[in-house]
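Novice: Model the structure of this input:
(3 chains)
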Amino acid sequence: LSSESVKLAATARELLASVRAKRPLIQCVTNFVSMDLVANALHALGASPAMASAPEEANEFAAIANAIVCNIGTLSRDRVECLEAVAGAARAHGKPWVLDPVGVGATRFRGETAQALLRHRPTVIRGNASEIMALARLFGIVVGDENAKPRGVDAVHASEAAEPAALALARMFSCVIIVSGRVDLVTNGALVARVNNGAPVMTRVTAMGCALSGATGAFLAVTGNPFEASVAAVAVFGVAGELAAVSGAGPGTFRVNFLDRLHDLSPDALRTSLKIDVAHARA
Amino acid sequence: LSSESVKLAATARELLASVRAKRPLIQCVTNFVSMDLVANALHALGASPAMASAPEEANEFAAIANAIVCNIGTLSRDRVECLEAVAGAARAHGKPWVLDPVGVGATRFRGETAQALLRHRPTVIRGNASEIMALARLFGIVVGDENAKPRGVDAVHASEAAEPAALALARMFSCVIIVSGRVDLVTNGALVARVNNGAPVMTRVTAMGCALSGATGAFLAVTGNPFEASVAAVAVFGVAGELAAVSGAGPGTFRVNFLDRLHDLSPDALRTSLKIDVAHARA
Amino acid sequence: LSSESVKLAATARELLASVRAKRPLIQCVTNFVSMDLVANALHALGASPAMASAPEEANEFAAIANAIVCNIGTLSRDRVECLEAVAGAARAHGKPWVLDPVGVGATRFRGETAQALLRHRPTVIRGNASEIMALARLFGIVVGDENAKPRGVDAVHASEAAEPAALALARMFSCVIIVSGRVDLVTNGALVARVNNGAPVMTRVTAMGCALSGATGAFLAVTGNPFEASVAAVAVFGVAGELAAVSGAGPGTFRVNFLDRLHDLSPDALRTSLKIDVAHARA
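Specialist: Down below sits the predicted model:
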């Protein structure tokens, strides 16, 4: 499917131009650790973040937002109420939305919250391999090593191990699944794209996954095709990350460079550096 | 009024020296996205931030704080209670305080909260043009394009469009209004100062407006003249921002440079680079 | 005790290697200002942060965490409930934990919270001199200048002034006390280590103390000796800070460099630059 890969890469470039031109408004209910990076990554991409989360405002923000992001990190009872209201409003207003099930599988509280939010039918779910596998197990999908519980919020699995779980979830919920890892995997249940960009230092900077979920919202806002939007977000993050990881850059320097590269990433750099591969999913 | 401009510029330099010498304690109830940048900007300026917000502590902190900042971003019921308690304590203790009505006009919840806080008589209100116009409309002041609702938390108007709203609010509440934008506007209802510094990249970094509200608190703490304090804060932010936006600096690099420049900004750099203009307000 | 100093320095190098090799999971209930820096400092050191704080998850996270950190900054009623649950779970699961009593002494609310948390027997308490002296006063230990109340959250005392308070608290609670300052002081009630590294710019960056509390958790996770763990954390922070404060680095640049240096600090740099001194405590 190399022609399909070339097409997806071209679409990623177009969607990046579209985000920059349209400056979509992305409402993010994200965890307290990641708010700064998520908002700055959206600004750097050219989108306009609104970090509002109050149930009292959910309908008014859903009405004006172009896409919505719900992230269950730093969870609390209050936060569950916010997430439920905002996800419900997203669905009621027909706005595309991203679920980031941070740490699902680590605790019962996160599992219950993720299940409750799935009732509002996310457009995209993004997690690391351990989270996607844990999420699948909540719905009775037993895949891969079923005893491997996530350890906190960091993945203990490579993204490849979560491919069967991702496919099953994508089909069960008619959504797109992004599995972040050394190789990022994106599937809509029919196609599986693999993006092999990024850099090891990205795992040493907090909230990079949350920022990718935010960015996915920005791309969802400018196309009706969630699979292409997800691939574009993953591609832009991977290539910007690779360019930001200049020789010897530690995690402090990397984070600064990364925001700069999201801001100035050129279509040419995206074309030259993107390592993408698309295949039909196994039935 | 060019001699008045020269005088205000000289005062800005003196007030910056005074903040650095006195290290005033600034209590900030600011939103969760901006806490890191607000605290770091205050530290870089030479002030001492205290990000305490509990109603249980409001009186004790108001007693020791030299100025107070209330910001309604990432609003929630709990946060309204904090803001009310802290603004009330500021007034009770006679401490100068800044209101930052983030996103007012976007939702009813924010409008009600801003109105409730105005009862405690802020010394300064800082917002972007859309927020200042929306705030004026809440008090029946119809100015400019009354159908232009803010879109989320980013301004859709130039600061000039909000000048009539700013004048009316300054007179109605006997306070100073700062309208942030490409040109920053400061008015006490009698005089209008315009500061034409800064750089476009500042709109691509989250929480820069919140940080300016914080910095305004630091300047309020060292003078009894809120108009001069507000002009000084805007001047220092504008010039530091201009110097930080070195050729090709993306938003990541800009933010780092900006904190460095707040820290090392010299009276000479402020004198040389400040573009300020003062005029009598229309009646 | 120069041979003891040499031994502690060697142990610090070994413990740093151990943190990097074992990637311990550190649960942090820290304030909202510091979450970003605490998580990034832990990642840079090679540990895995989990910023979870819900009472609903306290037992599950305490079961998998290798150490736990409780910080009372940006306190609220909800936050007290989280801190109590997490500290209680730490004790119940026998996990080492760090108490950071931010701003204790400034308000009654913080004093009551710190006292309540001490019932769960922290392994280490880290604060600045004013906080450690205020904490001692809460337990009837009158030492030093008893009228010197902290001003907000920044210290008004040198760490040396808090040595009697630190010794008394260490003995009363059988814990280790870290007093941060120009010279950092670590005591278990029998030995007192002084680390004379760091740089003045560190006082102009928010949350550096909170990040040290987080890092102390990472070192506690890899040894059963809390005194050695605390000295190692202080040593690594001091040397990384000194190396990060390159000529002319303002607070923005410093913070970036600091994360880079935590990440790439070599045993050799630690050996060459560490200025440590150990003595028997006065009885």
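Novice: From here on, just use CA atoms for contacts and neighbour counts.
Specialist: Will do.
Novice: if I look at residue A:251, how far off is residue C:237?
Specialist: Distance of residue A:251 to residue C:237, computed by CA to CA, to the nearest Å: 16 Å.
Novice: what about the two, which has more around it?
Specialist: The neighbour comparison of residue A:251 against residue C:237 (other CA atoms under 10 Å in any protein chain shown) goes to residue A:251, with 29 against 24.
Novice: In this structure that one contacts residue C:44, no?
Specialist: Yes. The criterion here is CA atoms under 8 Å, and residue A:251 meets it with residue C:44 at 6.5 Å.
Novice: tell me, what's touching those two both at once?
Specialist: The contact sets of residue A:251 and residue C:44 overlap at A:204-205, C:259-260, C:263 (CA atoms under 8 Å, 6 or more residues apart in numbering or on different chains).
Novice: any chance of those in a markdown table, plus pLDDT?
Specialist: Shown next, in a markdown table, are these (pLDDT from 0 to 100):
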| residue | pLDDT |
| --- | --- |
| A:204 | 97 |
| A:205 | 98 |
| C:259 | 98 |
| C:260 | 98 |
| C:263 | 98 |
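Novice: Now intersect the residues you listed with the helices, please.
Specialist: Using DSSP state H, C:259-260, C:263 are the members of those that sit in helices.
Novice: Would you format these as JSON lines with distance to residue A:129 and neighbour count included?
Specialist: Formatted as JSON lines, those follow (distance: CA to CA, whole Å; neighbours: other CA atoms under 10 Å in any protein chain shown):
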{"residue": "C:259", "distance to residue A:129": "27", "neighbour count": "27"}
{"residue": "C:260", "distance to residue A:129": "27", "neighbour count": "24"}
{"residue": "C:263", "distance to residue A:129": "25", "neighbour count": "23"}
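Novice: what's the helix or strand for the residue nearest the centre of chain A?
Specialist: When CA atoms, centre = their mean is applied to chain A, the residue found nearest the centroid is residue A:213 (3.0 Å). Using DSSP states H and E, residue A:213 maps to helix A:208-220.
Novice: what does that helix contact?
Specialist: Outside helix A:208-220, the residues that touch it by CA under 8 Å, 6+ apart are A:15-16, A:19, A:24-26, A:28, A:30, A:34, A:37-39, A:41-42, A:45, A:47, A:67-69, A:71, A:96-100, A:126-127, A:180, A:202, A:226, A:229-230, A:232-234, A:237.
Novice: how about the residues of chain A near chain B?
Specialist: Within chain A, the residues that sit near chain B (CA under 8 Å from any CA of the partner chain) are A:25, A:32, A:35-36, A:39-40, A:43-44, A:46, A:48-54, A:56-57, A:60-61, A:64-65, A:255-261, A:263-264.
Novice: which among the residues you listed end up buried?
Specialist: For these, a burial check counting by 16 or more other CA atoms under 10 Å in any protein chain shown picks out A:25, A:32, A:35-36, A:39-40, A:43-44, A:46, A:48-54, A:56-57, A:60-61, A:64-65, A:255-261, A:263-264.
Novice: Mind checking which of the residues you listed are in helices?
Specialist: A:35-36, A:39-40, A:43-44, A:60-61, A:64, A:255-261, A:263-264.
Novice: Of these, which are in range of chain C?
Specialist: Within the set of these, contact with chain C (CA under 8 Å from any CA) is found for A:36, A:256.
Novice: For the stretch 101-250 of chain A, which segments count as helices?
Specialist: All helices of the stretch 101-250 of chain A, identified by DSSP state H, counting those that start in this stretch, fall at A:108-118, A:129-138, A:163-173, A:208-220, A:226-244.
Novice: nearest to residue A:77, of these?
Specialist: Comparing the helices of the stretch 101-250 of chain A by their distance to residue A:77 (CA to CA), the top pick is helix A:108-118, with 9.4 Å.
Novice: what angle do that closest one and helix A:129-138 make?
Specialist: Helix A:108-118 and helix A:129-138 are oriented at 70 degrees to each other (axes from the mean of the first three to the mean of the last three CA atoms, to 10 degrees).
Novice: what's the spacing between helix A:108-118 and its chain's center?
Specialist: Relative to the centre of its chain, helix A:108-118 is centred 18 Å away, using CA atoms, centre = their mean, to the nearest Å.
Novice: can you check stretch A:102-120 too?
Specialist: The answer for stretch A:102-120 is 16 Å, by CA atoms, centre = their mean.
Novice: next one: stretch A:42-62
Specialist: The chain centroid and the centroid of stretch A:42-62 are separated by 16 Å under CA atoms, centre = their mean.
Novice: Repeat that for stretch A:37-51.
Specialist: Relative to the centre of its chain, stretch A:37-51 is centred 14 Å away, using CA atoms, centre = their mean.
Novice: cool, stretch A:232-251 as well?
Specialist: Centroid displacement of stretch A:232-251 relative to its chain, using CA atoms, centre = their mean, is 16 Å.
Novice: tell me which residues of that stretch are tucked away?
Specialist: Buried, per 16+ other CA under 10 Å, within stretch A:232-251: A:232-245, A:249-251.
Novice: For residue A:186, the count of nearby residues, please.
Specialist: 29.
Novice: Run through the residues that contact it.
Specialist: Taking CA under 8 Å, 6+ apart, one finds A:176-179, A:192-194, A:227, A:230-231 in contact with residue A:186.
Novice: separation between the closest residue to it other than its chain neighbours and residue A:122?
Specialist: Nearest residue to residue A:186, sequence neighbours excluded (CA to CA, 6 or more residues apart in numbering or on different chains): residue A:178, at 4.5 Å. Per CA to CA, residue A:178 is found 12 Å from residue A:122.
Novice: Same drill for these two, tell me which one is more crowded.
Specialist: Counted by other CA under 10 Å, residue A:178 and residue A:122 do not tie: residue A:178 has more neighbours, with 34 against 26.
Novice: Low-confidence bits of the stretch 101-250 of chain A, can you list those?
Specialist: Within the stretch 101-250 of chain A, the ranges that satisfy pLDDT under 70 run A:144-156.
Novice: For chain B, what's its nearest residue on it.
Specialist: Of all residues in the stretch 101-250 of chain A, residue A:244 sits closest to chain B, at 11.0 Å by CA to the nearest CA.
Novice: these two touch, right, that residue and residue A:250?
Specialist: No. Taking contacts as CA under 8 Å, residue A:244 lies outside contact range of residue A:250: 10.3 Å.
Novice: what residues are up against the closest residue to residue A:51 other than its chain neighbours?
Specialist: Spatial nearest neighbour of residue A:51, chain neighbours left out: residue A:28 (4.9 Å); criterion: CA to CA, 6+ apart. Applying CA under 8 Å, 6+ apart to residue A:28 gives the contacts A:49-53, A:68-71, A:214.
Novice: Next, the contact list for the residue in the stretch 101-250 of chain A that chain C sits nearest to, please.
Specialist: Using CA to the nearest CA, residue A:250 is the residue of the stretch 101-250 of chain A that sits closest to chain C, at 4.4 Å. Counting by CA under 8 Å, 6+ apart, residue A:250 touches A:201, C:259-261, C:263-264.
Novice: hmm, back to that, between the strand or helix carrying the residue nearest to residue A:51 and helix A:208-220, how many degrees?
Specialist: Using DSSP H and E, residue A:28 falls within strand A:25-29. Orientation of strand A:25-29 against helix A:208-220 (the same axes, to 10 degrees) gives an angle of 150 degrees.
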